[in-house]
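A.B. asks: Sharing a sequence plus its predicted fold:
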Amino acid sequence: MTDGLQLKNIEIRRLGKVLLSLDLHIRPGTVGAVMGPSGAGKSTLLAAIAGQLPPEFTLSGEITLDGRSLRRLPAQARRVGILYQDHLLFPHMSVGANLAFGLDRRVPRHSRRAAVDQALEDIGLAGFHDRDPETLSGGQKARIALMRMLLSEPDLLLLDEPFSGLDASLRDQIRRLVFALARRRHLPVLLVTHDEADALAANAEIVRL
Ligand SMILES: Nc1ncnc2c1ncn2[C@@H]1O[C@H](COP(=O)(O)OP(=O)(O)OP(=O)(O)O)[C@@H](O)[C@H]1O
């Protein structure tokens, strides 16, 4: 069995033309960074791994996560967490409700509040449970979006330029947090970025499209 994420002979086509082809192996607790020009298919690749490839595209090749093949699994069964640039939180729910939404369904109802409070503490936002997401800073939203994703207990993290909307010091702080949490949980991370510094901060193996 191969641990982590393995992409073998992946090809994504649109209108019969190859958009991208690649091979990649990301071990648990390490980061693989995919870099390339705009339109190269980076976000499409993440969608393919997550089981959300738009019907305009076709995919061939093998995608395995800790040895199990993902391609035939529906998106919700793949246990993949995705983080995007815009850190979308549900605006009509409190911070606590946003986090509870991410919680793995296996967490029993009576321990959910404690799990959410612990999660808030882990990201330095203890006491934010009842806050409205609209009242948060960009960095606070980013931390909550990250934690909401981690609470769903994914086996793989897909990061689609999650740091690019943040200013320099915040960017450094958030990416350190993301990579430290991923390492601690032994998760493989596939990072899409335009910024070489993101890849360096993650000690990532870089694949250029
Ligand atoms: N739903 C879709 N239907 C048809 N074409 C699409 C769709 N989504 C993306 N494309 C096209 O597929 C190509 C790859 O897009 P994608 O968003 O994966 O690129 P990217 O490398 O992530 O770009 P960027 O760095 O600008 O985010 C682009 O030419 C884009 O216009």
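C.D. replies: Okay, I see it.
A.B. asks: Quick check: L24 vs V192, distance?
C.D. replies: 12 Å (Cβ to Cβ, to the nearest Å). All C-beta spots, glycine's among them, are computed from the backbone N, C-alpha and C.
A.B. asks: Between the two, point out the one with more neighbours.
C.D. replies: Higher neighbour count among L24 and V192: V192, with 23 against 17, using other Cβ atoms under 10 Å.
A.B. asks: returning to that earlier point: which neighbours do L24 and V192 share?
C.D. replies: The contact sets of L24 and V192 overlap at V34 (Cβ atoms under 8 Å, 6 or more residues apart in numbering).
A.B. asks: What helices and strands are in contact with the longest helix along the chain?
C.D. replies: When the chain is parsed with DSSP state H, its longest helix is helix 168-184. Packing partners of helix 168-184 (3 or more Cβ pairs under 8 Å, 6 or more residues apart in numbering; DSSP states H and E): helix 138-151, strand 156-160, strand 189-192, helix 196-201.
A.B. asks: Tell me which residues are up against that helix.
C.D. replies: Outside helix 168-184, the residues touching it (Cβ under 8 Å, 6+ apart) are 29, 31, 83, 122-123, 138-139, 142-143, 146, 150, 157, 159, 162-164, 166, 189, 198, 201-202.
A.B. asks: Same question for stretch 20-34.
C.D. replies: Stretch 20-34 is contacted from outside by 2-12, 40-42, 44-45, 66, 179, 182-183, 185-193, 198-199, 202-209, using Cβ under 8 Å, 6+ apart.
A.B. asks: contacts with the ligand among the residues you listed, please.
C.D. replies: With Cβ under 6 Å from any ligand atom as the criterion, the contacts of stretch 20-34 include A40, G41, K42, T44 near the ligand.
A.B. asks: quick one: which of these sit in helices?
C.D. replies: K42, T44.
A.B. asks: The helix or strand of the chain with the lowest mean pLDDT: how far from the chain's middle?
C.D. replies: Ranked by mean pLDDT, DSSP states H and E, the weakest helix or strand in the chain is helix 168-184, scoring a mean of 90. In terms of Cα atoms, centre = their mean, to the nearest Å, the centre of helix 168-184 is set 13 Å apart from its chain centre.
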